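Colleague: Here you go, sequence then predicted model.
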Amino acid sequence: GQQVQQSPSSLVLQEGENAELQCNFSSTATQLQWFYQSPGGSLVSLLSNPSGTKHTGRLTSTTVTKERRSSLHISSSQTTDSGTYLCAIDRSTGNYKYVFGAGTRLKVIA
Amino acid sequence: EAAVTQSPRSKVAVTGGKVTLSCHQTNNHDYMYWYRQDTGHGLRLIHYSYVADSTEKGDIPDGYKASRPSQENFSLILELASLSQTAVYFCASSRTGQAPLFGEGTRLSVL
């Protein structure tokens, strides 16, 4: 079965609203990454957060390892935040073989 | 500046033909990866490599070969391209403990 599940699959926000993206995983994760993929573009790493809470700019990620879930909170969304947010886990130690979720497609409208 | 460069950026291939996708990194990274992304889906790992002259199978290796002749270069080879291999292919590189750095992707259409 799918090892990384993300919800919602898509989300539309008005500019300025906050977003909460969820990631649930079925395997033990030694690493957990959130990525941003621009429309039709490549992936950029946003946050590495295998456990606890981390902040960068308007992004906050909270991972509860024993419950195998992580969230990404985007505050005060902007139109430039539009794109796909991907959660990925590394199941092993030292291999860095990431398993990706299908992503949450976010559209922020002005 | 750290970079992963893929070529070609897009390709149209015929069924049964041979396709080679190339990836070059200037990051001095040990790890390199090939992923494929299908419309509306996340990325799936095809092959990866820890070191030059060695490759490992990922989660979906069937129908693909990989070659890593040097630390900087990692190729993905489709010996007999099939319709089901139409996808966007991403190459990435990483160093121990760091998130992978991705290339811009190669859009492959097999007709």
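Modeller: Sure thing, it's come through. Residues are numbered from 1 along each chain as shown, chains lettered A, B, ... in the order given.

Colleague: got the buried residues for stretch A:83-99?
Modeller: Buried positions in stretch A:83-99, judged by neighbour count with 16 or more other CB atoms under 10 Å in any protein chain shown: A:83-91, A:96-99. Just so you know, the C-beta spots here come from the backbone N, C-alpha and C atoms, and that holds for glycine as well.

Colleague: Identify the farthest-apart pair in those.
Modeller: A:Gly83 and A:Arg91 (25.7 Å; CB to CB).

Colleague: in chain B, which spans are strands?
Modeller: B:4-7, B:10-13, B:19-25, B:31-37, B:43-49, B:56-57, B:65-67, B:73-78, B:87-94, B:101-102, B:106-110 (DSSP state E).

Colleague: Including mean neighbour count, could those strands go into CSV?
Modeller: As requested, those are exported to CSV (neighbours: other CB atoms under 10 Å in any protein chain shown):
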stretch, mean neighbour count
strand B:4-7, 19
strand B:10-13, 14
strand B:19-25, 20
strand B:31-37, 25
strand B:43-49, 22
strand B:56-57, 14
strand B:65-67, 17
strand B:73-78, 20
strand B:87-94, 24
strand B:101-102, 22
strand B:106-110, 18
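
Colleague: With mean pLDDT as extra columns, can I get those strands in TSV?
Modeller: Below are the strands of chain B laid out as TSV (pLDDT from 0 to 100):
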stretch	mean pLDDT
strand B:4-7	97
strand B:10-13	97
strand B:19-25	98
strand B:31-37	96
strand B:43-49	95
strand B:56-57	94
strand B:65-67	98
strand B:73-78	98
strand B:87-94	96
strand B:101-102	95
strand B:106-110	97
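
Colleague: Take the ones you listed and write them to TSV, including distance to A:Ser9.
Modeller: Formatted as TSV, the strands of chain B follow (distance: least, CB to CB, whole Å):
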stretch	distance to A:Ser9
strand B:4-7	27
strand B:10-13	27
strand B:19-25	29
strand B:31-37	15
strand B:43-49	16
strand B:56-57	29
strand B:65-67	31
strand B:73-78	28
strand B:87-94	19
strand B:101-102	22
strand B:106-110	23
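
Colleague: In CSV, list the ones you listed along with distance to chain A.
Modeller: Shown next, in CSV, are these (distance: least, CB to the nearest CB, whole Å):
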stretch, distance to chain A
strand B:4-7, 9
strand B:10-13, 11
strand B:19-25, 12
strand B:31-37, 6
strand B:43-49, 4
strand B:56-57, 8
strand B:65-67, 14
strand B:73-78, 14
strand B:87-94, 6
strand B:101-102, 4
strand B:106-110, 9
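
Colleague: Name the next helix or strand following the lowest-mean-pLDDT helix or strand in chain A along the chain.
Modeller: Every helix and strand of chain A was ranked by mean pLDDT, DSSP states H and E. The lowest is strand A:98-100, at a mean of 91. Of the helices and strands lying after strand A:98-100 in sequence (DSSP states H and E), the nearest is strand A:104-109.

Colleague: Show me the buried residues of stretch A:83-99 that map onto strands.
Modeller: Per DSSP E, the buried residues of stretch A:83-99 map to strands at A:83-90, A:98-99.
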